[in-house]
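A.B. asks: need coordinates for the below:
(one chain, ligands or ions: 1)
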Amino acid sequence: MNVQKIIFTTIFSFFIHTCFADNYPRNYSIDIIHYAFELKLSDESDQISGKASIRVLFKTNDISQVRLDLINKTTERAGKGMQVESVTYNNVKVDFKHEQDALFIQLGSPAEKDKISTIVIVYKGVPADGLRIGPTKYGDRSFFNENWPNRARHWLPTVDHPYDKATSEFIVTAPVKYKVVSNGLLQEESQINKDFKLTHWKQSVPVSCWLFVLGVAEFAVQQVGEFDGKSIETWVYPKDREAGFYDFASPTKQVLQFYTDYVGPYAYEKLANVQTPSVNGGMETSSAIFYGEALVTGKYDTRLRNVVIHEIAHQWFGNAVTESTWDDAWLSEGFATFFTLLFQENAYGYEEYIEGLKKARKTVFDLQKKDSTFSIVANRSAETGPVTSGLTYQKGAWVLHMLRERIGHDNFRKGIQAYYQKYMNANVSTDDFIEEMEKVSKENLKPFFNQWLNRPDILKINAGWEYDAKARQVIINVNQSQSSGFIFDTPVEFLVYEDGIKKPLRLKFNIDKKTAQFKAACSQKPVLILADPRTVLLADIDFR
Ligand SMILES: [Zn+2]
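C.D. replies: Now for the predicted structure:
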C-alpha cells in the first residue's frame with residue numbers, strides 16, 4: 001500500500017470505517033520482527049499462562065504507543081479471555097491499557113528510528129477461541145490452535161493481520177505425557193521436573209500470525225523421510241498410529257518436489273503433517289500442517305490426499321507469498337486450489353486435471369446462484385465478515401487456468417516463478433501478480449483480470465449453429481445471456497466434426513458483444529459441433 005493511503009487512513013479513520021471494509025488499524029511505522037511465546041499448559045485447568053517477548057523495529061522517531069491485538073477477559077465471554085499482568089519495554093516496566101480486545105502499550109519515551117526494541121507481555125487466561133483445549137475424537141485431552149483468519153489474538157498478543165510477517169518461537173511447558181509440535185525446528189525437549197516437560201520450537205522464516213501453529217497431545221511421530229535436507233514427519237494420535245502413518249506416507253515428498261521445480265524453493269525448515277481436532281479439512285500452518293482428525297482413515301482416501309496437496313501448495317501460495325489484505329485472499333486459496341489441480345495433472349494425468357476443473361466449474365455455478373454479488377477481489381475484513389467463499393477457491397482456480405491458456409503454459413510458468421522469486425517471504429497484492437504476468441506475456445491483462453476477478457458476473461452463452469450448403473459454410477450464432485447485462489470479452493472455441501473427415505475443424509472466435517455471428521468454411525455438413533471442447537472457458541454454455 002502506498003504512503004498516501006496511510007495518511008488518508010490516519011486522518012479519515014472514521015470515514016474509512018464505512019468506505020473500506022478492511023478497517024484494521026495498521027501501523028506501518030512499526031514492524032514486528034520476532035515473537036517468542038512462552039506458554040504454560042496444564043491438566044488442572046484450561047488456563048494458560050503466557051509470556052510474549054516481541055522484537056519490534058521502529059521505522060520513525062515519533063512512536064510512543066504500540067497497539068497489539070489481544071482478546072480481553074470479560075463476563076460476556078463467561079470469564080474467558082486474556083488478562084495482562086505486566087508489560088516491559090526494553091526491560092523497563094511500562095503502562096498499558098487493555099480494553100476492547102486491544103492492548104495499548106505506552107513506551108514512555110518515543111522509540112528510536114531503525115532500532116529494534118523488545119516488549120514483554122505477561123498474561124494469562126482461558127482462551128475463548130483460537131486455542132482449542134479439549135478432547136480428541138478418542139476423548140483424550142489436547143491443545144490445538146486455529147488462528148485463521150483473525151483468531152490468534154485469542155491467546156497470543158499479536159499484530160493479527162496478514163500484512164505483518166514475523167519469525168517465531170514457541171517455548172511450551174506441558175505435562176510430560178504430551179508431545180508438542182509447532183513451526184520450524186525443534187530446539188529443545190527437556191523434562192524440567194517430575195510432572196512437566198519443556199519443548200522449544202523456533203521458526204526462522206517470517207509468516208503472518210494466522211500461520212503460527214501449536215499442537216499439544218499424546219502423539220505418535222514418524223520420520224517419513226527428507227526433502228532437500230528437511231525432514232518430513234507424520235504426527236497422529238497414538239490410536240491412529242498405523243492408519244495415520246499409512247495415510248501420510250505419500251504424496252508429500254512428491255508434492256514438495258513438484259512445487260519446488262515448478263515454482264521455486266520450499267520456504268520452511270521441515271514439513272510435518274499433523275492430525276488435529278481443531279479443523280475439519282486442512283489448515284496450511286507453515287511447516288506443520290493440520291488435518292481434521294476424521295480424515296485419517298487408514299485407507300489413503302482421495303479426499304485426504306487432495307487436502308494434503310492443497311495445504312502443501314499453500315506453503316508457496318498464502319504462506320511464503322502472502323496477500324497484504326484479505327481483499328486478495330484468492331492469492332492464497334485460488335492459487336492453492338489451482339496448484340492442486342496442476343500437481344494432479346502432472347502426477348495423475350490430464351484427465352484428472354480436466355475432471356477437477358469441471359467439478360470446480362459446477363461449484364462456481366452453484367455458488368453463484370446462491371450469492372450473485374460475490375467478486376473474487378473486493379474490500380474485505382476479518383473483523384467485519386467472511387473473507388472467502390467457495391468462489392475464492394474454485395473461481396480463483398479457474399482464473400489461473402484461463403490465464404495459463406491465454407498467455408501459454410511456458411509464459412505462465414515463467415510468470416509464476418518471477419512472482420514467487422520477487423515476493424517470497426513477503427506480502428503482495430493482486431496488482432503485483434498482474435504486473436509479473438504482463439511482463440512475461442507482454443500483454444495488457446488488466447481487462448482479463450478485471451472481468452473475472454473484480455466482477456461477480458458469470459458468463460452465460462446461448463449458442464447454435466446452422467449449415468449453409470450453398471456457401472459451404474458453418475454459421476455459429478453466439479449470445480451472451482447473463483442477466484447482469486455485463487458483456488465479457490473472451491475467446492470461445494468450437495470443434496467441428498464433418499461427415500467422412502477424420503480430423504475435426506478447430507474454430508476460435510472472440511466474443512465482445514451481446515450477440516455475434518461467425519462463419520467458417522466447411523466442405524460438408526457437420527455431424528457434430530462441440531462448444532469449449534478443451535474446457536478452457538468458465539461459462540455456462542447452452543449449445544444446440
Ligand atoms: Zn486453502
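A.B. asks: hmm, Asn90 and Arg55 touching each other?
C.D. replies: No - if you go by Cβ atoms under 8 Å, Arg55 and Asn90 don't touch, sitting 10.7 Å apart. All C-beta atoms are positioned from the backbone trio N, CA, C, and that covers glycine.
A.B. asks: what do the two both touch?
C.D. replies: Counting by Cβ atoms under 8 Å, 6 or more residues apart in numbering, the common neighbours of Arg55 and Asn90 are Ser117, Thr118.
A.B. asks: hang on, Ala313 is in a helix, isn't it?
C.D. replies: Yes - secondary structure assignment places Ala313 in a helix (DSSP: H, G, I helix; E, B strand; the rest coil).
A.B. asks: alpha carbons only: can I get stretch 380-400 in CSV?
C.D. replies: Written as CSV, here are the backbone C-alpha positions of stretch 380-400 (Å, rounded to 0.1, in the frame of the first residue of the first chain):
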residue,chain,number,x,y,z
ARG,A,380,-13.0,-7.5,3.0
SER,A,381,-12.1,-7.6,6.6
ALA,A,382,-11.9,-10.5,9.0
GLU,A,383,-13.3,-8.1,11.7
THR,A,384,-16.5,-7.5,9.8
GLY,A,385,-17.3,-10.6,7.8
PRO,A,386,-16.2,-13.7,6.0
VAL,A,387,-13.0,-13.2,3.9
THR,A,388,-13.5,-16.1,1.5
SER,A,389,-16.3,-18.1,-0.1
GLY,A,390,-16.1,-21.3,-2.2
LEU,A,391,-15.9,-18.9,-5.2
THR,A,392,-12.5,-17.6,-3.9
TYR,A,393,-11.2,-21.2,-4.3
GLN,A,394,-12.9,-22.6,-7.3
LYS,A,395,-13.4,-19.5,-9.5
GLY,A,396,-10.0,-18.3,-8.4
ALA,A,397,-8.5,-21.6,-9.7
TRP,A,398,-10.4,-21.2,-13.0
VAL,A,399,-9.0,-17.7,-13.5
LEU,A,400,-5.5,-19.1,-13.3
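A.B. asks: work out the gap between it and the centre of the chain.
C.D. replies: Its chain's C-alpha centre and that of stretch 380-400 lie 10 Å apart, by Cα atoms, centre = their mean, to the nearest Å.
A.B. asks: list the contacts of it.
C.D. replies: Here stretch 380-400 makes contact (Cβ under 8 Å, 6+ apart) with 21-24, 149-150, 161, 325-327, 329-330, 333-338, 341, 357, 360-361, 363-364, 367-368, 371, 374, 376, 449, 452-453, 538.
A.B. asks: so where's the stretch 301-450 of the chain shaky on pLDDT?
C.D. replies: When residues are selected by pLDDT under 70, none of them lie in the stretch 301-450 of the chain.
A.B. asks: can you turn the buried part of the contacts of stretch 380-400 into a ChimeraX selection?
C.D. replies: Applying 16 or more other Cβ atoms under 10 Å to these, the buried members can be selected in ChimeraX as follows:
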select :21,22,23,24,149,150,161,325,326,327,329,330,333,334,335,336,337,338,341,357,360,361,363,364,367,368,374,376,449,452,453,538
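A.B. asks: restrict the contacts of stretch 380-400 to contacts with the ion.
C.D. replies: When these are checked against the ion using Cβ under 5 Å from the ion, the ones in range are Glu333, Ala336.
A.B. asks: let's see which of the contacts of stretch 380-400 end up in helices.
C.D. replies: Secondary structure assignment (DSSP state H) places 330, 333-338, 341, 357, 360-361, 363-364, 367-368, 449, 452-453 from the contacts of stretch 380-400 within helices.
A.B. asks: got a list of what the residue nearest the centre of the chain touches?
C.D. replies: The residue at the geometric middle of the chain, judged as the C-alpha nearest the mean C-alpha position with Cα atoms, centre = their mean, is Ser332 (3.4 Å). Residues near Ser332 by Cβ under 8 Å, 6+ apart: His314, Phe317, Gly318, Thr322, Glu323.
A.B. asks: just the element for the fourth one, please.
C.D. replies: Using DSSP states H and E, Thr322 maps to strand 321-323.
A.B. asks: any idea how far that strand is from the middle of the chain?
C.D. replies: The gap between the average C-alpha position of strand 321-323 and the chain average comes to 8 Å, counting by Cα atoms, centre = their mean.
A.B. asks: now do stretch 471-484
C.D. replies: Relative to the centre of its chain, stretch 471-484 is centred 39 Å away, using Cα atoms, centre = their mean.
A.B. asks: and what about Leu304, helix, strand or coil?
C.D. replies: Assigned state for Leu304: helix (three-state reduction, three-state DSSP).
A.B. asks: ok so, going back, now the residue nearest to the centre of the chain. Nearest residue, chain neighbours left out?
C.D. replies: In space, Ser332 comes closest to Gly318 once its chain neighbours are excluded; the distance is 3.1 Å by Cβ to Cβ, 6 or more residues apart in numbering.
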